[in-house]
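> what follows is a protein structure lacking sequence information:
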């Protein structure tokens, strides 16, 4: 099991090496509801895919109410190449419907004003469209709290690198372990860097380990390079 010291050294490598490779853009400020909608697009997808889909929603629908009353099929088509666009369309419509029925508007700030980060996160998690990733994304992006959203592809990379133990499955527990290692100021950067690595090289099937800049730091990459990694579906991270 990697020690905390080794994990910190690995994190330093991630920030140094991957930042040079990917140069992630700064996050875009959005109201809480819009961060929620964006998080639904972003989870399990690349930054480029999520940006493209979210932009398409704004261009295709006059406002959030039009999206709310649209068919799942229409929203799915607008989402384009997002993975599982059908489920995302249902979540987007569900969220807008629930927010509207609760607040009679499309505003979350007013109803959650001065609730505090923990209480706000708790209330957000009660929405049917919520996920651990989405709530953590909102805490990080809209509430100024320390949270690191982890989706399926990111979890795969983090486990292969050894930053998260292979038997950790509880989303809240694994995020807590990450947040203990990563300072708040670098939480967003880690999210973007790991997501980019998952998309470019660290695939679910046939990861491109020999081309990975973190090969020397990655136990899984070393096994793949030596041809000693035994594939087992029971041990693979669950895809999203």
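That came through, no problem. Model, not experiment: these values are computed from the prediction.

> now the helices for this structure?
Applying DSSP state H to the chain gives helices spanning 4-13, 19-22, 32-42, 47-60, 64-68, 72-78, 85-103, 109-112, 117-124, 132-141, 152-161, 171-181, 187-200, 219-226.

> and the angle for the first one with helix 171-181?
The reference is to helix 4-13. 80 degrees (axes from the mean of the first three to the mean of the last three C-alpha atoms, to 10 degrees).

> how about helix 4-13, which residues are buried there?
7, 10, 11, 13 (16 or more other C-beta atoms under 10 Å). C-beta: built from backbone N, CA, C; applies to glycine.

> name the nearest of the residues you listed relative to residue 105.
residue 11 (41.1 Å; C-beta to C-beta).

> do you know how far the closest one is from residue 197?
Residue 11 sits 13 Å away from residue 197, going by C-beta to C-beta, to the nearest Å.

> please apply the same query to residue 34.
27 Å.

> compare those two (neighbour count), which wins?
residue 197 (25 against 19; other C-beta atoms under 10 Å).

> who touches residue 44 in this structure?
83, 84, 151, 152, 153, 240 (C-beta atoms under 8 Å, 6 or more residues apart in numbering).

> try 10 Å this time
Counting by C-beta atoms under 10 Å, 6 or more residues apart in numbering, residue 44 touches 50, 82-84, 87-88, 131, 133, 151-154, 195, 198, 239-240.

> now swap in residue 87 and tell me
40, 44, 72, 76, 240.

> list buried residues within those residues.
Among the contacts of residue 87, those scoring as buried are 40, 44, 72, 76, 240 (criterion: 16+ other C-beta under 10 Å).

> a markdown table for those, including pLDDT?
As requested, the buried ones among the contacts of residue 87 are arranged in a markdown table below (pLDDT from 0 to 100):
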| residue | pLDDT |
| --- | --- |
| 40 | 98 |
| 44 | 96 |
| 72 | 95 |
| 76 | 97 |
| 240 | 46 |
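
> just these now: which is nearest residue 159?
For the buried ones among the contacts of residue 87, the nearest to residue 159 is residue 240 (14.0 Å; C-beta to C-beta).

> how close does residue 140 sit to residue 96?
22 Å.

> returning to that earlier point: among the contacts of residue 44, who's most crowded?
Ranked by the number of neighbours (other C-beta under 10 Å), the contacts of residue 44 place residue 154 first, at 28 neighbours.

> ok, how many other residues are close to the residue nearest to it when sequence neighbours are not counted?
Among residues not flanking residue 154 along the chain, residue 194 sits closest, at 4.7 Å (C-beta to C-beta, 6 or more residues apart in numbering). Close neighbours of residue 194, defined as other C-beta under 10 Å, add up to 26.

> for the one 5 residues further on, same thing?
Counted with other C-beta under 10 Å, residues neighbouring residue 199 total 17.
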